[in-house]
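J.: Here is a sequence with its predicted model. Questions after.
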Amino acid sequence: MNYKFFLARRIYAQGENKRQVAKPAIRIAMIGMSLGLAIMLVSVCVVIGFKDEVRSKVIGFGSHLQISNFRGTQSYETYPISANDTLLHRLADVPGVSHVQRFSTKPGIIKTDDSFQGMVLKGVAGEYQMDFYRRYLLEGEIPAFTDSAASNQVLISRLLADKLRLKLGDAIYTYYINDNVRARRLKIAGIYETNFSEYDKLFLIGDLYTVNRLNGWQPDQVSGIEVSIADYDKLEDMRYDVGKVVDTLVDRYGNTYFTQTIRDLNPQLFAWLDVLDVNVWVILVLMLGVAGFTMISGLLIIILERTNMIGVLKALGANNRSIREIFLYFSTFIIGKGMLWGNVIALAFCLSQKYFRWIKLDPANYYLDAVPIHFNVGLWLLLNVATLIISVAILIGPSYLISRIHPAKSIRFE
């Protein structure tokens, strides 16, 4: 057995079983390491969870990619494009594309007896994936929308329903302006709540046929095509691949296609999410600094307490490097135990929050009603390994104090 490792283990065992001056310092260092690592792990899980939850809601409303008319502006009053079966099949055959669906929009107003509210009626057809709305459905059901027959059933958000004092099954009167005012009487078939107020307060979900009739478009025309992809990390590459299929095309009405990512459509929101990464790095650096400072303090106290032992080892022929390795092994034992408790604390916190959601958030500000948790095993292990390596590396400099200890003086040291 490596004698340096053996001596380090004996010193650590003595520290556990006997009262020593260094014991409080060791405990403080261990506590600092465990709390620092726990905070780092929890921070990473929370930020990743927050970004994933918010991003999934934005994508749920608009998919990863949107193909629209090149003349379109930021207004919800869109220009149409042709979306025939041939084009939809070509898009679906692009490697990496998981789903293709059509939609049309029409701005309008909801009017009740004592209030009114602007909104956008979004029309979808039978191929539209409704899993996102089904996940957040509170009451009612998801209607069977189609592009071939009108339906007066719509989905409305809880935010709009509460604001207009509407409930499931109520009839609502909506008005749309083209050359003249057109009215539609709709019935609330379902109420959903995503807590994403930017969209909840805006959209009603109806059928594609009705919206196209309100816009005065042909059956094959739509406001846009939503394209879902299998891997979000390849978003920019997929925009290029999808763009190669449609961006040079001109439909039979003379309209040009234009492909945008969900990041292009929501630049401020995704910029805000990217800033969260900076916050995580700040927390990681601060917590590593705190843990490293407590470990340095503990190591110096241990070296001073073991001055006599260091002198004996030098007298027996041990060199400075070997003695430094003994104390670095000893420090690694302390770091390891602190990291073990840090992992236990972080795991307990994350699991309790994930399943009991006891820390709440204000949906109006954070788009979520509770602090989200997302486990990434790879990042969890990487953070542990990086913490261990950095913590031990920080202690190499202070360990050189051992070279200044002289055997003759240290053996008499009390």
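T.: Sure, I can see it.

J.: any idea which helix or strand comes after the longest strand anywhere in the chain?
T.: Ranked by number of residues, the top strand in the chain under DSSP state E is strand 97-111. Following strand 97-111 in sequence order, the next helix or strand is strand 116-124 (DSSP states H and E).

J.: Report the distance from that next one to the chain centre.
T.: Its chain's C-alpha centre and that of strand 116-124 lie 29 Å apart, by C-alpha atoms, centre = their mean, to the nearest Å.

J.: what sits up against it?
T.: With C-beta atoms under 8 Å, 6 or more residues apart in numbering as the contact definition, strand 116-124 has outside contacts at 76, 101-110, 130, 145, 154, 160, 163-164, 174, 176, 202-212, 214. Any C-beta I mention is one placed from the backbone N, CA and C, and that applies to glycine too.

J.: what is the orientation angle of that strand with strand 97-111?
T.: 150 degrees (axes from the mean of the first three to the mean of the last three C-alpha atoms, to 10 degrees).

J.: so for strand 116-124, what's the average pLDDT?
T.: In this model, strand 116-124 has an average pLDDT of 92.

J.: returning to that earlier point: for the longest strand of the chain, which residues meet the burial criterion?
T.: Buried residues in strand 97-111, counted by 16 or more other C-beta atoms under 10 Å: V97, H99, V100, Q101, R102, F103, S104, T105, K106, P107, G108, I110.

J.: Which single one of those residues is nearest to K51?
T.: H99 (22.5 Å; C-beta to C-beta).

J.: in the sheet, who's paired with the closest one?
T.: Beta bridges link H99 to S228 when assigned by DSSP bridges.

J.: Strands of the protein, residue ranges please.
T.: Going by DSSP E, the chain shows strands at 65-69, 81-82, 97-111, 116-124, 137-140, 153-157, 171-177, 181-192, 203-207, 221-222, 224-229, 257-261.

J.: mind putting those strands in TSV, distance to F270 included?
T.: Shown next, in TSV, are the strands of the chain (distance: least, C-beta to C-beta, whole Å):
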stretch	distance to F270
strand 65-69	14
strand 81-82	25
strand 97-111	21
strand 116-124	21
strand 137-140	26
strand 153-157	22
strand 171-177	31
strand 181-192	23
strand 203-207	20
strand 221-222	25
strand 224-229	16
strand 257-261	9
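
J.: of those, which approaches T248 most closely?
T.: strand 257-261 (8.3 Å).

J.: and that closest one, what's its mean pLDDT?
T.: Strand 257-261 comes out at a mean pLDDT of 92.

J.: which residue is nearest the centroid of this protein?
T.: K51 (2.2 Å; C-alpha atoms, centre = their mean).

J.: For R239, which non-adjacent residue is closest in space?
T.: T261 (5.2 Å; C-beta to C-beta, 6 or more residues apart in numbering).

J.: Is there a neighbour count for that neighbour? I'd like the number.
T.: Using other C-beta atoms under 10 Å, the number of residues around T261 comes to 20.
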